Every structure is written in structure tokens, then in C-alpha cells.
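**Q** Structure for this input, please:
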Amino acid sequence: MSNTERVILYLMKCTGCGANIVTRDGETRARCDYCGVVLKVPKDKGDALAIIVRMLQDEERDHQLARAKKEVLAGRHSDANAVLNDIIKKDPKNARAYFYKSLLDVYPYRAQLGHIDRAIELATPDMKKIYTRERKVLVKNHRRDRRKSWALNLAVVLGLIFLIGGGVFLTLYYLF
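**A** Next up, the predicted model:
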């Protein structure tokens, strides 16, 4: 049997640069490896534990987002939609979840725009640029698809008119 020591680690955020600082149970001071700030470790570890819980939740959310992205790429949009709805239920301010919802074919165009607009509203400045560019692509593709369907409808109508007109012409030709 091996002797194993149970070590309890706490995670804190550096007040200087925002980096994660890991401390051992019983330490009273911690030094940030990035900016060198020395922090007093709180006696009440509630904040540190809350950060760990948040990190675990973020990791779970990232896993769910990866699963939703995989479902979208596989063409299983209804499955992806269920995963994304679950993410949004737990984290209503998740911009990536709204962005992925805008890519789904299960929604009409206006709903897709609503989802991408919500993603833009919630996103960081860097991601806002990307989502705004993707919104322009969505609008452009929608307009292209509408033009294609309009042209197809026109071709069908003209074809019917030609067929009906040709039939009438042949009938009149043989009658007279």
C-alpha cells in the first residue's frame, strides 16, 4: 500500500492581473506567478470554492457546446437544438449558444436573425466582429436563396403558361 497525502488546493483570482492562483490549505499568503502581486489568502474559502465550482461549470458548458457543434456539423439540427436550449436554460447569457442556434435549419430566417442578434449583444468585442460578419453572410445567403426560389417559381409559371398556351394553339389548329 502506498502512503497518499490528501492535499486540499484552493483557487483564487489575482487582483492585479486576473490570473488563477492555486494555494494549499493552511497558507496565509500567495504570490501571483504572472505579475508578482502578493495576496492574503482569505480564511473563509467560500470565494475560492465558488471559483472552482464556476470553472467546473464552464468546463461542462464547453463540453456541451462542443457536443452541439458536433451535432450541427453532422446535420442533426434538432439534437443540437436540444443541447443548445439546455445550455441557454442554465446560462442565458451564453453568446456562443445563441450563435450556434442561428446556424440551425430548424428555425425560420427571422428566428435565426434573432438568435445571431442576441449573440452579438452578449458577445465580447472580438466575438462581436465575428458574429456581425456571420450575420451579413446569413442575410446574403437568405437573399440569394429567395432570388433562386423566385426565379424557380417564375420558370415554373412560364413553363405552365407555355404548355397551356401550346395546348390551346394545337387544339385551335386542329379544329380549324
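
**Q** Helices of the chain, start to end?
**A** Applying DSSP state H to the chain gives helices spanning 46-73, 77-90, 95-102, 109-122, 125-175.

**Q** Now the fourth one: average pLDDT?
**A** What helix 109-122 shows for mean pLDDT is 90.

**Q** do the same with stretch 63-70
**A** Per-residue scores along stretch 63-70 average to 86.

**Q** any weak-confidence spans in the chain?
**A** Scanning the chain for pLDDT under 70 picks out 1-10, 25, 43-59, 145-176.

**Q** Repeat the analysis, applying 90 as the threshold.
**A** 1-78, 80, 87, 90-91, 94-97, 99-112, 116, 123-176 (pLDDT under 90).

**Q** For Lys140, list the residues it contacts.
**A** By CB atoms under 8 Å, 6 or more residues apart in numbering, the contact set of Lys140 is empty. C-beta here means a position set from N, CA and C on the backbone, and glycine is covered the same way.

**Q** measure it to Arg133 for me?
**A** 11 Å (CB to CB, to the nearest Å).

**Q** Same question for Arg143.
**A** Arg143 is 16 Å from Arg133, by CB to CB.

**Q** Same question for Leu122.
**A** When Leu122 is compared with Arg133 (using CB to CB), they lie 16 Å apart.

**Q** same thing with Val38?
**A** Here the criterion is CB to CB. By it, Val38 lies 43 Å from Arg133.

**Q** for Tyr98, same thing?
**A** 16 Å.

**Q** same question, Leu39
**A** To Arg133, Leu39 is 40 Å away according to CB to CB.

**Q** swap in Met127?
**A** Taken as CB to CB, the span from Met127 to Arg133 is 11 Å.
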